[in-house]
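Chemist: Sequence and computational prediction follow.
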Amino acid sequence: MCEFCLEHGEGRKWYLEAKNYGLDLLSDAKKRKAFKKYVGKPMGSGTQFHQQMEKLEKAPSFVRRMMRWKTVSTMKKVHYGQVVPIEDVERIFDFVNSIVRTSCLCRKLLVGEEKRYCYGISMGNSGSNNLADVFRELSPGFFSAPDSKGTEVVSKEEALASFREHEKEGLCHSVWTFMTPFIGGICNCDRPDCLAMQMTVTYDTPVMFRAEYVAETEPDSCDGCRQCMRVCQFGAIGYSATQKRSHIDPRRCYGCGICRSVCKKNAIHLKDRAKVPVAAAIW
Ligand code: SF4
Ligand code: SF4
């Protein structure tokens, strides 16, 4: 269990707790003000992001440690994520009653294009309208650049079908808080286009937890095609030329399950992270 499961999930998976999607959490005036301040900050460009992160890499180690600690602790309060496999996305879609597709801020910033890979999720009779209103109020540019199609309400079936397509593109699903523990979105991420993945994996400043799972291969089923290696964004899969099989390092695996979806031999399954001793404490 990650620390959010203990703090916000009463020992169960925190993102499967319906109470964490209640808009009343975000309607708290203080929280809204803090979130508005956070997302209202100018985000700059992708180049500026890399320059800042590289500058930090060159800083003395005590400055790096302090800055990382400050960033991670702030993000845990404001906007933190976790990798989730498709079966948990489906469980989330089973109980939220409002899903809105919208553009991805990371892609807008890093690639300069509108890509509609992000999904706002919420509870309540008019959750979709409420959520869209909240985001509009928070920052005019948050989800609505001039060329944006804005938010679009989609059914659970449509959303799930899109997520399966995104999975075929090799995108990894992640669930996000907007003022923790309020959960407001699920995204479909890849490392070159996602600020959070870059901060977490490339710059060693974790702003998202690994999934509650770890992938494992079944050696007798694997034919060594290496398709799984092609899609793993975390460098967790190696290949043995001697055995002609792939192998997953549980200490590097984020548990996204994308390798599983491309394995034609059904040689990969996800296991509870807690049951894999070498990975159980790695988030
Ligand atoms: S995709 Fe499946 S069969 Fe191919 S190397 Fe990976 S685990 Fe083996
Ligand atoms: S090994 Fe599979 S489940 Fe683990 S991070 Fe890579 S793609 Fe995701």
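Modeler: Good, I have the coordinates. Numbers count the residues shown, from 1 in each chain. Ligands and ions are numbered 1, 2, ... in the order given.
Chemist: show me what contacts the nearest residue to residue 282 once chain neighbours are set aside?
Modeler: Nearest residue to residue 282 in three dimensions, chain neighbours excluded: residue 251, at 6.0 Å (C-beta to C-beta, 6 or more residues apart in numbering). All C-beta spots, glycine's among them, are computed from the backbone N, C-alpha and C. Neighbour list for residue 251: 278-279, 282 [criterion: C-beta atoms under 8 Å, 6 or more residues apart in numbering].
Chemist: Who wins on neighbours among those?
Modeler: With neighbours taken as other C-beta atoms under 10 Å, the top of those is residue 279, carrying 21 neighbours.
Chemist: From ligand 1, how far off is that residue?
Modeler: The gap separating residue 279 from ligand 1 is 18 Å, by C-beta to the nearest ligand atom, to the nearest Å.
Chemist: Need the pLDDT of the most centrally placed residue in the chain.
Modeler: For the chain, residue 174 is the residue whose C-alpha lies nearest the centre (C-alpha atoms, centre = their mean; 2.4 Å). You'll see residue 174 listed with a pLDDT of 97.
Chemist: Confirm that it lies within a helix, as I assumed.
Modeler: No - Residue 174: not assigned to a helix; according to DSSP: H, G, I helix; E, B strand; the rest coil it is strand.
Chemist: And the helices in the stretch 151-283 of the chain?
Modeler: With DSSP state H, counting those that start in this stretch, the ranges of helices along the stretch 151-283 of the chain come out as 156-168, 195-197, 227-231, 258-262.
Chemist: export those helices to JSON lines and tack on mean neighbour count?
Modeler: What follows is the helices of the stretch 151-283 of the chain, written out as JSON lines (neighbours: other C-beta atoms under 10 Å):
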{"stretch": "helix 156-168", "mean neighbour count": "15"}
{"stretch": "helix 195-197", "mean neighbour count": "22"}
{"stretch": "helix 227-231", "mean neighbour count": "18"}
{"stretch": "helix 258-262", "mean neighbour count": "22"}
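Chemist: mind putting those helices in a markdown table, distance to ligand 2 and mean pLDDT included?
Modeler: Shown next, in a markdown table, are those (distance: least, C-beta to the nearest ligand atom, whole Å; pLDDT from 0 to 100):
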| stretch | distance to ligand 2 | mean pLDDT |
| --- | --- | --- |
| helix 156-168 | 10 | 94 |
| helix 195-197 | 11 | 91 |
| helix 227-231 | 6 | 95 |
| helix 258-262 | 3 | 96 |
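Chemist: could these go into CSV alongside distance to residue 67?
Modeler: Compiled in CSV, these are given as follows (distance: least, C-beta to C-beta, whole Å):
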stretch, distance to residue 67
helix 156-168, 32
helix 195-197, 16
helix 227-231, 32
helix 258-262, 31
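Chemist: So for the residue in the chain sticking out farthest from the centre, what's the pLDDT?
Modeler: Seen from the C-alpha centroid of the chain, the residue lying at the greatest distance (C-alpha atoms, centre = their mean) is residue 242, 35.4 Å away. pLDDT for residue 242: 93.
Chemist: I'd like the distance between it and ligand 1.
Modeler: Residue 242 is 14 Å from ligand 1, by C-beta to the nearest ligand atom.
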